[in-house]
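A.B. asks: mind folding the following:
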Amino acid sequence: MFNTKVEIAESSFSMSYRDSLLALGSCFAENIGKKMEQVWFDTDVNPFGVLFNPESIANSLARMLSNRLFAPDDLFLNKELWSSFAHSTQFSSVSQADCLSKINGRLSAANERLRTCSYLLITFGTAWVYEDIRTKSVVANCHKLPAAHFFRRKLTVDEIVFVYRTLLVQLKELNPELRIIFSVSPVRHWKDGAHESNLSKSTLLMAVDELEQEFDFVTYFPAYEIQMDELRDYRFYAQDMLHPSEQAVDYIWQRFADTFFDDITRELKQEIEKYNHGLMHRPLFPQTEEYQKFQLYLEKKQEELQTRLEKIRM
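C.D. replies: Model (predicted):
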């Protein structure tokens, strides 16, 4: 062994294909959510787009809880694009009606999922927030507006815990079966500087630890620690040397599955991944009998896997 492995205690949560998931927050939530979608989990990923700070994530959850739709006054026009300070740029549009339609469509679906889902995965990215100077409210995305429009500050541990203490109680009242997995994104915010980035991550880690100690339906998955302490070689980083490489994402995903999936779920996941790998095969001679047999095998395998999945979810 030429690394220090992060030991993860056995989880009291056991996730299966019977469960549904809502993933919110930073890049790790996006990565894990997409991985779960690829292996046919019932998953909704970031209905407000990628969100980085705890307050914006909390605001999105509060909006989902209330299911209060966004109105034209909630949008702003900048350089021909209509946008929302509560959402990422993926919802922006040259049409105000189109922007609202996308936002409210995802909101309504997320409200319904929040009522019934088994797991909520929340990933904090940074403790730094940007406040709109005019409204004094924290924005989820600055949408490339000038810095003079915002006041930048760092949330404290107490601020984060205070907001989520109330929010977690409300979530549990809405959905008594809900279990929540917190994580901290392994992506460092290097523009803040190494020291400030570490202080930010420490703030997030301390806040999550307090919440985990207080609520028995909350647990923490150490994605940040795995990347920082176990995958320390630069081959586990993308070209910017900050984001995890594809190899690192795959490894952390496997550790996540090993932590939370039961044996039957892990076995089925592996078979679906093998099937997906077969779909990616691009033959040099697709007209050959050998390839036609392979296509037939894939069709039968898909039917078999879907049948097994249906039986599990009955």
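A.B. asks: so who does the closest residue to residue 171 other than its chain neighbours touch?
C.D. replies: Leaving aside its sequence neighbours, residue 171 sits nearest to residue 178 (C-beta to C-beta, 6 or more residues apart in numbering; 5.9 Å). Quick note: C-beta positions are derived from backbone N, CA and C, even for glycine. Counting by C-beta atoms under 8 Å, 6 or more residues apart in numbering, residue 178 makes contact with 117-120, 171-172, 217.
A.B. asks: include distance to residue 146 and pLDDT when you put these into a markdown table, please.
C.D. replies: Output for the contacts of residue 178, formatted as a markdown table (distance: C-beta to C-beta, whole Å; pLDDT from 0 to 100):
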| residue | distance to residue 146 | pLDDT |
| --- | --- | --- |
| 117 | 39 | 97 |
| 118 | 43 | 97 |
| 119 | 39 | 97 |
| 120 | 35 | 98 |
| 171 | 36 | 97 |
| 172 | 41 | 97 |
| 217 | 42 | 97 |
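A.B. asks: and the helix ranked longest in the chain, what does it pack against?
C.D. replies: As assigned by DSSP state H, the longest helix anywhere in the chain is helix 289-313. Judged by 3 or more C-beta pairs under 8 Å, 6 or more residues apart in numbering; DSSP states H and E, helix 289-313 is in contact with helix 263-279.
A.B. asks: show me what counts as buried in the helix it packs on.
C.D. replies: 265, 268-269, 272, 275 (16 or more other C-beta atoms under 10 Å).
A.B. asks: for residue 56, see how far away the residue nearest to residue 203 when sequence neighbours are not counted is.
C.D. replies: Closest residue to residue 203 apart from its sequence neighbours, by C-beta to C-beta, 6+ apart: residue 127 at 4.1 Å. Distance, residue 127 to residue 56, using C-beta to C-beta, to the nearest Å: 12 Å.
A.B. asks: and what of residue 47?
C.D. replies: Residue 47 is 13 Å from residue 56, by C-beta to C-beta.
A.B. asks: so where do the helices sit in the chain?
C.D. replies: Under DSSP H, the chain gives helices at 27-38, 54-66, 96-116, 157-174, 194-214, 223-225, 246-260, 263-279, 289-313.
A.B. asks: chain center to the last one: distance?
C.D. replies: Mean C-alpha position of helix 289-313 versus that of the full chain (C-alpha atoms, centre = their mean, to the nearest Å) differs by 29 Å.
A.B. asks: swap in the shortest one?
C.D. replies: Centroid separation between helix 223-225 and its chain, computed with C-alpha atoms, centre = their mean, is 14 Å.
A.B. asks: what of the fourth one?
C.D. replies: The offset between the C-alpha centroid of helix 157-174 and the centroid of the whole chain comes to 19 Å, using C-alpha atoms, centre = their mean.
A.B. asks: which parts of it are buried?
C.D. replies: Neighbour counts over helix 157-174 (16+ other C-beta under 10 Å) mark 157, 159-161, 163-164, 167-168, 171-172 as buried.
A.B. asks: so for residue 235, which of the helices of the chain sits nearest?
C.D. replies: Nearest of these to residue 235, taken as C-beta to C-beta: helix 246-260 at 7.1 Å.
A.B. asks: helices or strands up against the closest one?
C.D. replies: Packed next to helix 246-260, using 3+ C-beta pairs under 8 Å, 6+ apart, are helix 27-38, helix 263-279.
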